[in-house]
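Peer 1: I need the structure of the sequence given here:
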Amino acid sequence: MIRGSLLALVEALFRVLFSYDCQGEEKLPATGPAVVSANHPSYLDPVLLSLQVKRPILFMAWDRLFRVPLLGRLMHVFGAFPVDTRPGRGQDAYARARQLVLDGNLVGIFPEGKRSRDGWMEPELRRGAARLALETGAPLYPATIRGAFRAWPYFRALPEPAKIQVRYHDPIDPAAYRALAKDEASDALLAELRRRVDRTLLPGVKADRKIEALYRTSAPWPRLVEAVPALGLALFVFWKTRELALVWPCYAYIGYLLLDLLLVPQRRLSKWVRNASAAVFAVAYVGFVAPRLGLPAPIGGAALAALLAGAGFPYLYDRGRIALDFVQGLVLATLLELGAQYMAATPLGPHVALPLYCAAYAWEERSVFWRYTAPILAAYAIGVPLWIGGGVELVPHALAGLVAWGLGRLLPSGAGSDAEPDAEDAAASSSTLGLRD
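Peer 2: Numbering: from 1, shown residues only. Predicted coordinates for the structure are as follows:
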C-alpha cells in the first residue's frame, strides 16, 4: 500500500520534471523469477525502472546510501538491499539476491557496479547479473535508460530537467549459454545484454554529447525577435511619453544581449535564460509601462506570470525550433495585446490574449504535455476573465492572441541560424530552449 502510493506520487513528479516515459514494461513476467539489468547513468535509476512496473523490483544498492536519512528508509520500502561494492565484499549480497530469485522475485542488478562516467555503459561489466541468471535459470531482462545521465550525472549535486525514457527489451534465455564454460557463458550473456542496451542507448548518448558541446558554443548575435521588439518599444514609449527614464530597460536589455555575446560563459543555464529572455522582457516591460501610457495595469500580475511560466515549462523538453517559435509568438502576442488595449482598454486583456495564444500554440505543435496545457490555458483565458466580470470588451484581446498564433505560422522561425540538434534525430538541426531526446 505504501509502495503503491509512493510510486504514484513519484511518477507524477517525474512526469513533470523529466517528461518520464516507460516502454516495454509489459514484457516483465506477472509472476515468477526474473533478473532485470540496465545501464546505470544516475542515482534515479532504480526508481526509473520501477515506476510503471506492477511488481516490486528488488535492487542491490550501494550500502552507504542506506545511511542517508529518509533515503535509506525509502530504499527499504521499495525492497532494496545493501551491497558492499568494494572488491571481494559482495558475496553476502549476491547470496541474498540468488535466494530472492529462487523465491520467485524480480531482482535488479546494475552490471556496471557504479554510475556511468560518460553516459555509455562502462567498458568492464561485473558478472553478477549473468551469474544470477545462469545459476537460477531465471530469464535476464535488459533495460535501457536514456536521458538520466543528462538529468543527473555523477558529478552534479542536484538533477536538472531532461527527458528520460526507459525501455525494457525482450528477455535473454540463459539456457542457450549453459553449454559454455562458466566464465565464457557469463561473458557471452553480458555481451548480448550490452548489445541490446547499446542499440537504444547509442542515439541518445550521441545527441547528448552534441547538445552539451553546443551549449558551450558562442552565443548568437541579438536575434530579430530580441532586438526589434525592444528597440521598437523604446521608440514607441518615448514618442508617447517623452520620458527617457521609461525607455532605459529596453537599452539595458540590448546591453544584456551584447554581454551574453561577448562576456557571459556559455553553459546550459545561460542558453536557457537567453532563449527565453525575449518573451520575459516583452511581457514584463509592457506590464511596467502600461500605466505610464494611460492604459490600465494588468490585474493579478503574479498569477499571470506564474501561468505563463507554467505554459513555457514544457518547452524545456521540446525541440529547439518549437521552443523558440513559442517565444517568438509570445512576444508577438504581447505586442498585439498592447495594441488591443488602445481599442478596448481593460486590465483583464493580458489574461485573455497571452494564455489563449499559449493554448493555441501547444495544440498546434502537440508539444510536451499539450493534452493538459492546451485545455487548461484555453479554459483560463475564456473562463477566468468572464468570471471576474469581463464582457464584450475582451473580444479584441482574444483576437490579439489568435492573430499572434496565426501570424507566427507565417514568420521565419525564431531559431534563426544558431541551431542545435534534436536528440531524437542527431542529424536534424534546431536550437533548443531545453532538451528532447
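Peer 1: What does Arg366 show for phi and psi?
Peer 2: With angles defined as degrees, to the nearest 10, Arg366 sits at phi 50, psi 50.
Peer 1: Could you measure from it over to Leu17?
Peer 2: Distance of Arg366 to Leu17, given as CB to CB, to the nearest Å: 21 Å. Placement of C-beta: from N, CA and C, glycine included.
Peer 1: So for those two, which sits in the more crowded spot?
Peer 2: The residue with more neighbours, out of Arg366 and Leu17, is Leu17; 17 against 11, by other CB atoms under 10 Å.
Peer 1: that's a helix at that one, yeah?
Peer 2: Yes: judged by DSSP: H, G, I helix; E, B strand; the rest coil, Leu17 forms part of a helix.
Peer 1: what about the closest residue to it other than its chain neighbours, is that helix, strand or coil?
Peer 2: With sequence-adjacent residues excluded and distances taken as CB to CB, 6 or more residues apart in numbering, Leu17 is closest to Pro161, at 6.0 Å. The three-state label given to Pro161 by three-state DSSP is coil.
Peer 1: number of nearby residues for the closest residue in space to Gly329 that isn't next to it in sequence?
Peer 2: Of all residues not flanking Gly329 in the chain, Gly408 sits nearest, at 3.7 Å (CB to CB, 6+ apart). Per other CB under 10 Å, the neighbour tally for Gly408 reads 22.
Peer 1: So what does Gly408 look like in phi/psi?
Peer 2: Per degrees, to the nearest 10, the backbone of Gly408 is at phi -60, psi -30.
Peer 1: Tell me who's in contact with it.
Peer 2: Residues near Gly408 by CB atoms under 8 Å, 6 or more residues apart in numbering: 325, 328-329, 332, 361.
Peer 1: Let me know the closest of the residues you listed to Leu258.
Peer 2: Distance to Leu258, by CB to CB, is smallest for Gln328 among the contacts of Gly408, at 20.2 Å.
Peer 1: Count the neighbours of that closest one for me.
Peer 2: If you count neighbours by other CB under 10 Å, Gln328 ends up with 26.
Peer 1: on that earlier part again, my guess is the residue nearest to Leu17 contacts Gly147, does it?
Peer 2: No: using CB atoms under 8 Å, Pro161 is not in contact with Gly147, being 10.1 Å away.
Peer 1: Could you check which of these two is surrounded by more residues?
Peer 2: Gly147 (28 against 18).
Peer 1: Can you read off the pLDDT for that one?
Peer 2: Looking at Gly147, its pLDDT stands at 88.
Peer 1: Which residue is the nearest non-sequential neighbour of it?
Peer 2: In this structure, Gly147 finds its nearest non-sequential neighbour in Ile164, 4.0 Å apart by CB to CB, 6+ apart.
Peer 1: Torsion angles phi and psi at the one you found?
Peer 2: Note on Ile164: backbone dihedrals following degrees, to the nearest 10 are phi -120, psi 130.
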